[in-house]
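**Student:** Based on what follows, work out the 3D shape:
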Amino acid sequence: MSDPAGSTGAQLILDILADEGVDIVFGYPGGAIMPLYDKLYGHSIRHILTRHEQAASFAAGGYARATGRVGVCFATSGPGATNLITGLLDAQMDSVPVVAITGQVRTPLMGTDAFQEADVTSIAGPATKRAILIRDVADIEQTLRAAFRLARGPRPGSVLVDVPQDVLKAPCAPFDPAKAVRPTAAHSSRADGDALDQTIDLILNAKRPIAIVGGGARIAGATHLFREFCAMLDIPHTATINGLGCAAPGDPRFLGMVGMHGWKAANLAVNDADVILAFGMRFDDRVTGKPDRFARGATIVHADVDESEFGKVIAPAVKLRGDLRYTLAQLVQRLAELPSRPSFAEWADRAKSFGPPPPADRTPDDTLSATMVLDRFFDRVCDDAIVSTDVGQHQMWAAQRHRATHPRNFLTSAGLGAMGFGLPAAIGAQFAFPGRPVAAIVGDGGFQMSFAELATVARYELPVKILLIDNRRLGMVRQWQELFYERRYSATDLSDNPDFVAIAKAYGIGGELVEDATSLDAAMERFLASDGPAILHCACYPSENVWPLIPAGTSVAEMIEERPMDEAPGTPQMVRS
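**Tutor:** Numbers count the residues shown, from 1 in each chain. Got it, this is the predicted structure:
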């Protein structure tokens, strides 16, 4: 591992990464970071060469989302470092632990507009938990240890460490594991007893309670406790997009995803609830709509590890600040100790009746429907598959339909909504779990932002399956133009898309084009049964929409449902609760 004869800042960085448990990094080399890449040669850490730095940060995020471990990416100074920013902001928005290490021009050149110089710590600061410049080789270990501690939590996020080339080259004492100073994990606070008591009292006096779970349950490793809590009370529950997979598979009390494109029953039940138990969610605008019209009749209990989330959007009556695993464990214990506890099974049944699952938009009989493609895919994909999505209509259709068995099996750019995420995230997940099936559901817009990573898939022989929903449009923007901009379709036409199967074949990856419903089932079977990577290019109807929809800045009362077949586009049916 360590090379005592040539120990430098670069060698020390790699040895500390290995000591932190890092076995794989994603990156792209360049001038300023070259000393680090030189020491990578023959090191135990495996480096994965992506074809774009942004893909390296997305892949590190995909690895971290799927495992819960810190994902790591490298890039050089200037454009290399700035290309990482989107992936780092994506990780920060969704509380995903990622550490980026970037090269920087030599210390004497900093501030002179040197070749490939950028003040990356200033650029990355607002997009990460912390962006740190190391100016002295003596500070490397302390800084890297702090970066990993910050990235891990209690609320995870992204951290960037910028290292000038002369610091990478500077001689230093070799890494000695016996003398290493490993910081203890950051302390996670625990919800106080009074707040827990208030929560139990609210549950005991509730008539129509509902639980909403977010990504915090995944981060805290509290999925099993959330399931136990819901089962003990027969309570109806729903999930944000980051909380999908937290509900027990097949649980009839699960109402589906909540929010802008959530299930009708989930949104109406939240709107009708008298108590809302919010676990590890941040009341994002895509969930609440107009805040002053969100669940106006409900008393809200908010459980989160991050105190800054309380009252940021919705003011809770009870604040359960602390590690969600502890909070849920205490609630479960207190419920178990009750001489009798309520059952909300009748209310759960009524909430389920508020609306059916999201509809498939009706398309002409001779066309291929994107929702049909996704329904057939989810019917056939195995339960332990890891599914990533890109961003757009296909993302919402997938989130509505996928019944992930665990929240780490569904990877999506939720808070940032970054197109180009799907394929690199699947690459990161496949490296994390080489023996498990991994699929990327992508749209024709986002896929063209990252399909250079087909080279990464091919080089490392990754068996990633790519399901391409190609409606030859920037579909989500087109839908909003149809509904809210009087069908002025500006800059959303992708009718000149390339032959995606031919592109995949150019990288040595097999593929098949499907253009009609009659050939879909057989093609899907071949696609999922194929060895190695494959792409299934589905040419879908260009005007299919995602239903239901709560327009931005409105409330559940303005929910738009499926438009009748004979209704003219642009005049959606308004359904008021």
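**Student:** CA-only coordinates of stretch 213-230 in PDB, if you can.
**Tutor:** Provided in PDB are the C-alpha atoms of stretch 213-230 (Å, rounded to 0.1, in the frame of the first residue of the first chain):
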ATOM      1  CA  VAL A 213     -41.500   8.800   5.300                       C
ATOM      2  CA  GLY A 214     -38.600  10.500   3.600                       C
ATOM      3  CA  GLY A 215     -35.000   9.700   2.800                       C
ATOM      4  CA  GLY A 216     -34.000  10.100   6.400                       C
ATOM      5  CA  ALA A 217     -35.200   6.600   7.100                       C
ATOM      6  CA  ARG A 218     -32.800   5.200   4.500                       C
ATOM      7  CA  ILE A 219     -30.000   7.300   5.900                       C
ATOM      8  CA  ALA A 220     -30.600   6.300   9.500                       C
ATOM      9  CA  GLY A 221     -31.100   2.600   8.700                       C
ATOM     10  CA  ALA A 222     -34.500   2.800  10.200                       C
ATOM     11  CA  THR A 223     -36.600   1.200   7.400                       C
ATOM     12  CA  HIS A 224     -37.400  -1.900   9.400                       C
ATOM     13  CA  LEU A 225     -38.500   0.300  12.400                       C
ATOM     14  CA  PHE A 226     -40.700   2.400  10.200                       C
ATOM     15  CA  ARG A 227     -42.400  -0.700   8.900                       C
ATOM     16  CA  GLU A 228     -42.900  -2.000  12.400                       C
ATOM     17  CA  PHE A 229     -44.400   1.300  13.600                       C
ATOM     18  CA  CYS A 230     -46.900   1.300  10.700                       C
END
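**Student:** buried sites along stretch 162-170?
**Tutor:** Judged by neighbour count using 16 or more other CB atoms under 10 Å, the buried positions of stretch 162-170 are 162-170. (Glycine included, C-beta is placed from N, CA and C.)
**Student:** Return the distance of residue 189 relative to residue 312.
**Tutor:** To residue 312, residue 189 is 18 Å away according to CB to CB, to the nearest Å.
**Student:** Nearest to residue 333 among the buried residues of stretch 162-170?
**Tutor:** Within the buried residues of stretch 162-170, proximity to residue 333 (CB to CB) peaks at residue 162, which comes in at 45.9 Å.
**Student:** could you point out which element follows the helix or strand harbouring that closest one?
**Tutor:** Using DSSP states H and E, residue 162 maps to strand 158-164. For strand 158-164, the succeeding helix or strand toward the C-terminus, using DSSP H and E, is helix 165-169.
**Student:** after that following helix, next one along is what?
**Tutor:** That would be, after helix 165-169 and using DSSP H and E, helix 193-205.
**Student:** who's in contact with that following helix?
**Tutor:** Helix 193-205 is contacted from outside by 209, 233, 275, 277, 299, 301, 317-321, 327, 330-331, 334-335, 338, 341-342, using CB atoms under 8 Å, 6 or more residues apart in numbering.
**Student:** Dihedrals phi and psi, residue 25?
**Tutor:** Recorded main-chain torsions at residue 25 are phi -130, psi 150, according to degrees, to the nearest 10.
**Student:** One more: residue 304?
**Tutor:** Torsion angles, degrees, to the nearest 10, at residue 304: phi -160, psi 150.
**Student:** how about it, what does it touch?
**Tutor:** By CB under 8 Å, 6+ apart, the contact list for residue 304 reads 216, 278, 280-282, 310, 320-321, 324.
**Student:** Relative to residue 74, which of the residues you listed is nearest.
**Tutor:** Closest approach between the contacts of residue 304 and residue 74, by CB to CB: residue 216, at 29.3 Å.
**Student:** Next up, identify which helix or strand residue 511 is on.
**Tutor:** Per DSSP H and E: residue 511 is located in strand 510-514.
**Student:** mind listing the strands in the stretch 301-450 of the chain by residue range?
**Tutor:** 318-321, 386-389, 410-411, 438-443 (DSSP state E, counting those that start in this stretch).
**Student:** Redo these as a markdown table? Include mean pLDDT, mean neighbour count and distance to residue 143.
**Tutor:** What follows is the strands of the stretch 301-450 of the chain, written out as a markdown table (pLDDT from 0 to 100; neighbours: other CB atoms under 10 Å; distance: least, CB to CB, whole Å):
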| stretch | mean pLDDT | mean neighbour count | distance to residue 143 |
| --- | --- | --- | --- |
| strand 318-321 | 97 | 22 | 29 |
| strand 386-389 | 98 | 28 | 31 |
| strand 410-411 | 98 | 27 | 29 |
| strand 438-443 | 98 | 28 | 33 |
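**Student:** can you list these in a markdown table and add distance to residue 158?
**Tutor:** A markdown table is the format used below for the strands of the stretch 301-450 of the chain (distance: least, CB to CB, whole Å):
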| stretch | distance to residue 158 |
| --- | --- |
| strand 318-321 | 23 |
| strand 386-389 | 18 |
| strand 410-411 | 16 |
| strand 438-443 | 22 |
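**Student:** For residue 480, which of the ones you listed is the nearest?
**Tutor:** Residue 480 sits nearest to strand 438-443 of all these, at 15.1 Å, using CB to CB.
**Student:** Using CSV, list the CA coordinates for the closest one.
**Tutor:** What follows is strand 438-443, C-alpha atoms only, in CSV (Å, rounded to 0.1, in the frame of the first residue of the first chain):
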residue,chain,number,x,y,z
VAL,A,438,-28.8,-3.0,-12.1
ALA,A,439,-31.0,-1.1,-14.5
ALA,A,440,-31.0,2.5,-15.6
ILE,A,441,-34.3,4.0,-16.8
VAL,A,442,-33.4,7.0,-18.9
GLY,A,443,-35.2,9.4,-21.2
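**Student:** Which other helices and strands does it contact?
**Tutor:** With contacts defined as 3 or more CB pairs under 8 Å, 6 or more residues apart in numbering; DSSP states H and E, strand 438-443 has these neighbours: helix 370-380, strand 386-389, helix 393-401, helix 422-432, strand 465-470.
**Student:** picking up where we left off before, wait, which of the contacts of residue 304 is closest to residue 124?
**Tutor:** Residue 124 has its nearest neighbour among those in residue 282, at 21.8 Å by CB to CB.
**Student:** The nearest residue to that closest one once chain neighbours are set aside: how many residues sit nearby?
**Tutor:** Closest residue to residue 282 apart from its sequence neighbours, by CB to CB, 6 or more residues apart in numbering: residue 309 at 5.1 Å. Residues contacting residue 309 under the criterion other CB atoms under 10 Å number 23.
**Student:** ok, residue 309 - contacts?
**Tutor:** Applying CB under 8 Å, 6+ apart, we find residue 309 in contact with 282-283, 302.
**Student:** Among the contacts of residue 304, which one lies nearest to residue 485?
**Tutor:** Closest to residue 485, out of all of those and judged by CB to CB, is residue 282, at 29.3 Å.
**Student:** quick one: what helix or strand has that closest one in it?
**Tutor:** For residue 282, there is no host helix or strand (DSSP H and E).
**Student:** which residues touch stretch 206-213?
**Tutor:** Outside stretch 206-213, the residues touching it (CB under 8 Å, 6+ apart) are 202-203, 226, 229-230, 233, 235-240, 243, 246-247, 255, 258, 269-270, 272-281, 287, 342, 344, 347, 351.
**Student:** now residue 502: how far from residue 426?
**Tutor:** Using CB to CB, residue 502 is found at 21 Å from residue 426.
**Student:** Look at the residue nearest to residue 531 when sequence neighbours are not counted and give its secondary structure.
**Tutor:** Leaving out its chain neighbours, the residue that sits closest to residue 531 by CB to CB, 6+ apart is residue 463, at 7.0 Å. Here residue 463 is coil, with the state taken from DSSP: H, G, I helix; E, B strand; the rest coil.
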